[in-house]
Every structure is written in structure tokens, then in C-alpha cells.
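K.L.:
can't give you the sequence, but here's the structure:
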């Protein structure tokens, strides 16, 4: 079955950087677009970034554009999110996601906390 294992979250000071990883299994990773979402306490889950299957197109939410970079390694079945210039408002649980056979699949999430 489709599974994701996210890692790379943690506590970082404002202005710092983190790199999230999402290892995928159970489907043909290279054939599907992938996304990162995040959910802060008391808020709805929001889309952060999306990448097409071949990585030819990447889209970002306005509030992370220029600071975050989504990428993927189709040989290793891994999705990445490089996060730079982190702000306290980036604090959230981050999830990787795909839609496979008309169903959305999510990882377990990794916590990112930006605080001094």
C-alpha cells in the first residue's frame, strides 16, 4: 500500500533552515505529482508546494515563495522540501501527499517549530 515516511523536522531559530524528506513506497513514485502541506495549531491544513512527476513544474504558496524549494529524486523515491529564512509563522506539522487512484494519501507528518 501507499506509504510515506517523513523526517527532518525540528526546532530552529528564526532565519534558520531545515530540509524535510519524505520517502515513498507502494506506488510508482515517478509517475505522480507530489505535494507538501502543513497544518498549524487551530488552523486548516494548507498547501505549501507541489511538484510534477518529472519535476518540470513547481508551484508554491505565496507565503513561502522565494524561501522554500520543493524537489524530488525519482531514483530514490524521495520528496524534499528545503526551507530557508524560516519564520515563526512557519511553525506547523508538515505532510507529504499524493493522489493515487483517485484517493489522497498522506504521511504521518513531521513537526517544524520556529522559535527563539
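P.N.:
Everything's here; your move. For clarity, every value in this text was computed on a predicted model and none was experimentally measured.

K.L.:
show me what contacts the residue most central in space within the chain?
P.N.:
For the chain, the residue nearest the mean C-alpha position is residue 36 (3.0 Å; C-alpha atoms, centre = their mean). Residues in contact with residue 36 (C-beta atoms under 8 Å, 6 or more residues apart in numbering) are 20, 22, 47-50, 70, 79, 81, 94-97. Every residue, glycine included, has its C-beta placed from N, CA and C.

K.L.:
how about residue 82?
P.N.:
Neighbour list for residue 82: 17, 19, 68, 69, 70, 71 [criterion: C-beta under 8 Å, 6+ apart].

K.L.:
how about 6 Å then?
P.N.:
By C-beta atoms under 6 Å, 6 or more residues apart in numbering, the contact list for residue 82 reads 19, 69.

K.L.:
over to the one 4 residues further on?
P.N.:
The contact partners of residue 86, by C-beta under 6 Å, 6+ apart, come to 12, 16, 114.

K.L.:
again with residue 68
P.N.:
49, 83 are the contacts of residue 68 under C-beta under 6 Å, 6+ apart.

K.L.:
which residues does it form a beta bridge with?
P.N.:
Going by DSSP bridges, residue 68 is paired in beta bridges with residue 83.

K.L.:
from residue 101, how far out is it?
P.N.:
Going from residue 68 to residue 101 by C-beta to C-beta, to the nearest Å gives 28 Å.

K.L.:
and if you look at residue 14?
P.N.:
Separation of residue 14 from residue 101 (C-beta to C-beta) stands at 41 Å.

K.L.:
these two: which is more packed in?
P.N.:
Taking other C-beta atoms under 10 Å, residue 14 and residue 101 do not tie; residue 14 has more neighbours (13 against 7).

K.L.:
that one in helix, strand or coil?
P.N.:
Put simply, residue 14 is coil when judged by DSSP: H, G, I helix; E, B strand; the rest coil.
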